[in-house]
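S.K.: Sequence first, then the predicted structure, then my questions.
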Amino acid sequence: MEVVQSSVLGRLLLPVWLWLRARYEYSLLARVLRGIAQAWSRACAGSVLIQFVTREGCLSKAWKDSGLCRILTFLLSIPTILLQKLYGACREAFENSVAARIVFAVVEETPLAVAWLMLVIMVIPFKYWNNAYSFAGFLLCFLLAVASGMRKRNFRLDLAFLGPWIVAFGAMILVAWPLSAYPSLSTRFLLYYVTCMLCVVVIVSTVETWRHLTRLMAFSSLALLVMSLAGLYQRIQGVEVNPSYVDMNLNKGMPGRVWSFYENPNTFAEVLLLLIPVAIAYMLCSKGWLGRFLGFFSAAVGCVAMAMTYSRASWVGLAFAAVVFVVLWNRKLIPFGILAALVVLAILPDTVFNRILTIFNTSDTSTNSRFPLYQAAGEFLQQRPVLGAGLGSDAVRQAIGDLNLFHGKDHFVHCHNIYLQVWCETGLVGVISFVGGILWTFKKGCRAVARATCDPVVRMTILGGAAALMGTMVCGLADYIWNYPRVMLIFWFVCALTLAGIRLAARQDGEETSAPVSE
């Protein structure tokens, strides 16, 4: 703030801002907006939705101290326990070894390794990337996490703060593979899911300070900036209109849709949807001007790139994420948010505005093509509702093809709906545990940010992550957001970031009984 105030631009604009603020404080508009905000707060205070979000369920209360959670945590932590016993038996030798101290210094910075890995994963162009790299990278990070607990007496790989639903979803993934109707088609998808599991466990278990959170947010904001700039450069270079991406009769004059590093504009938009709220949270919680600038600039450029994707489902998801962010951050800002939304709509380019108008137009070929997909998925679930077809879009596509359930013009790729797709892959228990896990994370996040003792950095991390997850779940109503494994990994990265913030908030309130303690 001092840097801004002492700058030439700051000295010119600050008096204007203070004058406008003084005039606004006692204006009729200010009184009206305050009244709306107070009425909204009173309405929300007694609403069923707020009670649902703030109330902790019986399963959630019982999970942390349950025998199942303890057994699973013990089994997952056996390598760490063995290393801790080795360190205890040879402590003097380890402490006197320069090489051992260097190794300890490296492995105990596992969150930094994850940050670098995610940066690489997010900015490498599609044609140069192999998803096996993601698996190898997070397997290495998992080994680092295991080794990082060697000198910490009570360190365990954390399943308690993953919650019962996400653990159940992970179990269903492991079960869905051997029970798949097409095991050979499901094998590579198992590796994609295992990569995401490793990502969540490593981040939640090793993030121990707010600095770890800010590093992860900073690297994801940097990745957002790089991919967004690549999208803008792509627009400057020119993008040919792809008729398979847009109905040219309803979107005349619309330019080609940018995709940056992701080969598909919808996929690129889904990544932007996940990262923009995180960048805004990083901007608001950063303690230095460089971090604030990175967060603001990456979010701003990301929003411009989002507009250039012309991805309607992601636009709706981002709008919903913005509402969730404002409601959790400060409900009094809702009227200002409505005004800002109206201003944005007024200045949107005609092509973007016209694209918005086609969202509920069933004559649009992109919208209309989804109905045969939904019908085929619904008919398949009537025949195999409990087990599904098995992991992966390949297994679902093969099953629907074998049963001759799809009768659309094009071929069946996936369900174009994350809930239907997860159900078709993992069965009824799988989709229930998946939705339950995200809602559990959101509820725990709401409870954490409501506490007065919550650290500002932790609070903003949870806000950004929760908003991104809710926006993406809304987007998932019209798109299968995990069609590309890297997007699925980024989704679970944001979920893990949110859970890590919830864990730190609980530790601040003394709720965590098994915090790592150094010997």
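M.R.: Perfect, thanks for sending it. Numbering: from 1, shown residues only.
S.K.: okay, CA-based contacts and neighbour counts for the rest of this
M.R.: Will do.
S.K.: any chance you could map the helices in the stretch 51-200 of the chain?
M.R.: If DSSP state H, counting those that start in this stretch is used as the criterion, the helices of the stretch 51-200 of the chain fall at 58-63, 67-76, 78-89, 91-95, 98-107, 110-123, 131-148, 163-176, 183-206.
S.K.: So for residue 420, which of those helices sits nearest?
M.R.: Closest approach to residue 420 among those (Cα to Cα): helix 163-176, 15.2 Å.
S.K.: Buried residues, the closest one. List them.
M.R.: Residues 163-170, 172-176 are the ones in helix 163-176 that count as buried (16 or more other Cα atoms under 10 Å).
S.K.: Now do that helix: distance to the chain's middle.
M.R.: Distance, stretch centre to chain centre, for helix 163-176: 18 Å (Cα atoms, centre = their mean, to the nearest Å).
S.K.: Could you dump the helices of the stretch 51-200 of the chain into JSON lines with mean pLDDT and distance to residue 225 added?
M.R.: Listed next are those as JSON lines, based on pLDDT from 0 to 100; distance: least, Cα to Cα, whole Å:
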{"stretch": "helix 58-63", "mean pLDDT": "76", "distance to residue 225": "37"}
{"stretch": "helix 67-76", "mean pLDDT": "87", "distance to residue 225": "36"}
{"stretch": "helix 78-89", "mean pLDDT": "86", "distance to residue 225": "37"}
{"stretch": "helix 91-95", "mean pLDDT": "82", "distance to residue 225": "42"}
{"stretch": "helix 98-107", "mean pLDDT": "79", "distance to residue 225": "28"}
{"stretch": "helix 110-123", "mean pLDDT": "93", "distance to residue 225": "10"}
{"stretch": "helix 131-148", "mean pLDDT": "91", "distance to residue 225": "21"}
{"stretch": "helix 163-176", "mean pLDDT": "91", "distance to residue 225": "30"}
{"stretch": "helix 183-206", "mean pLDDT": "93", "distance to residue 225": "22"}
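S.K.: is it possible to export these to TSV including distance to residue 281?
M.R.: Formatted as TSV, the helices of the stretch 51-200 of the chain follow (distance: least, Cα to Cα, whole Å):
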stretch	distance to residue 281
helix 58-63	27
helix 67-76	31
helix 78-89	34
helix 91-95	40
helix 98-107	28
helix 110-123	17
helix 131-148	25
helix 163-176	24
helix 183-206	18
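S.K.: Relative to residue 353, which of these is closest?
M.R.: Closest to residue 353 of these is helix 110-123 (Cα to Cα; 29.2 Å).
S.K.: longest helix anywhere in the protein?
M.R.: Ranked by number of residues, the top helix in the chain under DSSP state H is helix 418-449.
S.K.: Report the angle between it and helix 163-176.
M.R.: Interaxial angle, helix 418-449 versus helix 163-176 (axes from the mean of the first three to the mean of the last three Cα atoms, to 10 degrees): 150 degrees.
S.K.: For helix 418-449, the averaged confidence score.
M.R.: Throughout helix 418-449, pLDDT has a mean value of 93.
S.K.: Which neighbouring elements make contact with that helix?
M.R.: Helix 418-449 is packed against helix 48-54, helix 163-176, helix 370-383, helix 393-402, helix 456-475, helix 485-508, with contacts defined by 3 or more Cα pairs under 8 Å, 6 or more residues apart in numbering; DSSP states H and E.
S.K.: Does anything pack onto the longest one? Which helices or strands?
M.R.: Taking 3+ Cα pairs under 8 Å, 6+ apart as the contact definition, the neighbouring helices and strands of helix 485-508 are helix 183-206, helix 210-237, helix 265-285, helix 418-449, helix 456-475.
S.K.: To residue 122, which of those lies closest?
M.R.: Nearest of the helices and strands packed on helix 485-508 (Cα to Cα): helix 210-237, 6.2 Å.
S.K.: any idea how far the closest one is from the chain center?
M.R.: The chain centroid and the centroid of helix 210-237 are separated by 14 Å under Cα atoms, centre = their mean.
S.K.: which other helices and strands contact that helix?
M.R.: By 3+ Cα pairs under 8 Å, 6+ apart, helix 210-237 packs against helix 110-123, helix 265-285, helix 289-309, helix 456-475, helix 485-508.
S.K.: List the buried residues for that helix?
M.R.: Buried positions in helix 210-237, judged by neighbour count with 16+ other Cα under 10 Å: 210, 212-232, 234-235.
S.K.: With stretch 300-317 instead?
M.R.: Buried residues in stretch 300-317 (16+ other Cα under 10 Å): 300-303, 305-317.
S.K.: Near the residue lying closest to residue 95 once chain neighbours are set aside, how many other residues are there?
M.R.: Spatially, and ignoring its direct neighbours in sequence, residue 95 is nearest to residue 101 (6.8 Å; Cα to Cα, 6 or more residues apart in numbering). By other Cα atoms under 10 Å, the residues close to residue 101 number 12.
S.K.: And residue 101, how far from residue 384?
M.R.: For residue 101, the distance to residue 384 equals 55 Å [Cα to Cα, to the nearest Å].
S.K.: and if you look at residue 190?
M.R.: Per Cα to Cα, residue 190 is found 20 Å from residue 384.
S.K.: neighbour-wise, which of these two wins?
M.R.: residue 190 (19 against 14).
S.K.: That one contacts residue 172, correct?
M.R.: No - Residue 190 is beyond contact range of residue 172, at 11.1 Å (criterion: Cα atoms under 8 Å).
S.K.: Identify the residues contacting residue 227.
M.R.: Taking Cα atoms under 8 Å, 6 or more residues apart in numbering as the criterion, residue 227 is in contact with 122-123, 260-261.
S.K.: ok, it to residue 125 distance?
M.R.: 9 Å.
S.K.: joint contacts of those two?
M.R.: Shared contacts of residue 227 and residue 125 (Cα under 8 Å, 6+ apart): 260-261.
S.K.: Now do the contacts for residue 399.
M.R.: 181, 389.
S.K.: And the pLDDT for it?
M.R.: So residue 399 comes in at 92 (pLDDT).
S.K.: and what of residue 409?
M.R.: Here the pLDDT value assigned to residue 409 is 77.
S.K.: What number of residues are in the vicinity of it?
M.R.: For residue 409, using other Cα under 10 Å, the count is 8.
S.K.: My impression was that it belongs to a helix - is that right?
M.R.: No - counting by DSSP: H, G, I helix; E, B strand; the rest coil, one finds residue 409 to be coil, located in no helix.
S.K.: And it, how far from residue 398?
M.R.: Between residue 409 and residue 398 the computed distance is 17 Å (Cα to Cα).
S.K.: How is residue 341 assigned, secondary-structure-wise?
M.R.: helix.
S.K.: And for it, the neighbour number?
M.R.: Counted with other Cα under 10 Å, residues neighbouring residue 341 total 12.
S.K.: cool, and residue 368?
M.R.: As a burial measure, residue 368 scores 13 neighbours (other Cα under 10 Å).
S.K.: May I have the residues that are in contact with it?
M.R.: For residue 368, the contacting residues are residue 362, by Cα under 8 Å, 6+ apart.
S.K.: would you turn the helices and strands packed on helix 210-237 into CSV with distance to residue 201?
M.R.: Converted to CSV, those look like this (distance: least, Cα to Cα, whole Å):
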stretch, distance to residue 201
helix 110-123, 12
helix 265-285, 19
helix 289-309, 26
helix 456-475, 16
helix 485-508, 8
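S.K.: Quick one, which of the ones you listed gets closest to residue 141.
M.R.: Closest approach to residue 141 among the helices and strands packed on helix 210-237 is made by helix 110-123 (6.6 Å; Cα to Cα).
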